[in-house]
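A.B. asks: Predicted model and sequence below, questions to follow.
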Amino acid sequence: MTRVFSGVKPTGHLTLGNYLGAMRQWAEVDQYRSDALFSVVDLHALTVDHDPARTRRLSRQAATLLLASGLDPRLCTVFVQSHVDEHARLSYVLECVATDGEMRRMIQYREKEARERARGRGVRLSLLTYPVLMAADILAYGADEVPVGDDQKQHVELTRDLAVRFNQRYGHTFVVPRATAPKVAARVMNLQDPTSKMGKSEDSGPGIVYLLDEPDVVRRKVMRAVTDSGHEVVYDREGRPGVANLLEILAACTDGNPESLAAVHQSYGSLKKDTAEAVIEVLRPVRDRHRELCADPGYVEEVLRHGAEKARAMARPTVDTAYRAIGLLPPVTEAEPALNAAR
Ligand code: AMP
Ligand code: TRP
């Protein structure tokens, strides 16, 4: 069976971009057709300035939202990255396969590095090595597919390069994974600045729809979205990015396609109105389930405990194999001293 792995970092409240670009596909498609793991990748949240208490809160909230979005722990594995040591264990070994130049070429690193410097903050070394940890997340489980939004494709490409390189140097160890993205809304843009991604880590803004926003708030944000000059509703990502973004959001929420939706809307006003209502309807069940789950924190904890146990058992053999392959001495275990001595 196809193995799928993906994750979400607890650096801010989850957004409509996370949902349409990734989580919805996980819940509606991936968990049914594959052996899938979904992780709250909390180690990744430590790569930029963070507040420990907020990170803990956001991790719990992200896990709850994964379940609220429809992930079913009987069908897939939901867990917190830091509960499984294998990620960090494998990351170090992969750092010995990756190069410094490769890391510095990553677009996300360059953007975030510039942002941290502009704010007068030092750049954490972990921000540079972050894609290696992400590669470890994926390779530890032998994932064939990694469903992510467009912004993560470069990191999955790097993961492929590292897997191929390791396999060539040290013998076949890793499955070489590939990224998969949804057909529409693989890159949901900020409603106030449709040339930049709707990202949760930015300062809270009127251009970001959060999964837990009240319907009134969603309506206001969508109705105030920046549109382009002109009045005609046409789907043109380059020339009319604001309108194109709304059309893509509407298409994703209604299983339609942006071109035909452009044809049925006469004005920006009617497009915004329909988009707002469609988003509210898509988020309604997620908010409702989130409320129910919050009333039962013991259930979420139990899911995460069991998820981590399953994940550990899956990752351990692959990471052990990588340790042996790269030349690390196996520890002598009491159960099999002779076996180890003979190797
Ligand atoms: P992150 O919030 O960076 O942890 O992302 C979690 C997942 O959501 C990744 O697969 C991202 O590619 C996806 N994602 C985040 N923001 C967006 C967006 N604005 N549009 C589409 N996908 C997104
Ligand atoms: N880097 C991803 C992001 O910012 C999150 C992530 C970490 C991830 N490890 C992963 C996604 C492994 C897919 C697979 O969105």
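C.D. replies: Received it, and whenever you're ready, just let me know what you need. Ligands and ions are numbered 1, 2, ... in the order given.

A.B. asks: mind checking how far the nearest residue to residue 24 once chain neighbours are set aside is from ligand 2?
C.D. replies: Excluding the flanking residues, the one nearest residue 24 by C-beta to C-beta, 6 or more residues apart in numbering is residue 69, at 6.8 Å. In short, each C-beta sits where N, CA and C put it, glycine included. Separation of residue 69 from ligand 2 (C-beta to the nearest ligand atom, to the nearest Å): 15 Å.

A.B. asks: and the residue of the stretch 1-150 of the chain found nearest ligand 1, what is it in contact with?
C.D. replies: Closest to ligand 1 within the stretch 1-150 of the chain is residue 21: 1.9 Å, counting by C-beta to the nearest ligand atom. Applying C-beta atoms under 8 Å, 6 or more residues apart in numbering to residue 21 gives the contacts 148-150, 181-182, 185-188.

A.B. asks: Within reach of ligand 1, which of those residues are there?
C.D. replies: Under the cut-off given by C-beta under 6 Å from any ligand atom, ligand 1 has 148-149, 186-188 from the contacts of residue 21 close to it.

A.B. asks: Turn the contacts of residue 21 into JSON lines, columns for secondary structure.
C.D. replies: Output for the contacts of residue 21, formatted as JSON lines (DSSP: H, G, I helix; E, B strand; the rest coil):
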{"residue": "148", "secondary structure": "coil"}
{"residue": "149", "secondary structure": "coil"}
{"residue": "150", "secondary structure": "helix"}
{"residue": "181", "secondary structure": "coil"}
{"residue": "182", "secondary structure": "coil"}
{"residue": "185", "secondary structure": "coil"}
{"residue": "186", "secondary structure": "coil"}
{"residue": "187", "secondary structure": "coil"}
{"residue": "188", "secondary structure": "coil"}
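
A.B. asks: just the buried members of these?
C.D. replies: Among the contacts of residue 21, the ones that count as buried by 16 or more other C-beta atoms under 10 Å are 148-149, 181-182, 185-188.

A.B. asks: Tell me the one among the ones next to ligand 1 among the contacts of residue 21 nearest to ligand 2.
C.D. replies: Nearest to ligand 2 among the ones next to ligand 1 among the contacts of residue 21, with distances taken as C-beta to the nearest ligand atom, is residue 148, at 5.1 Å.
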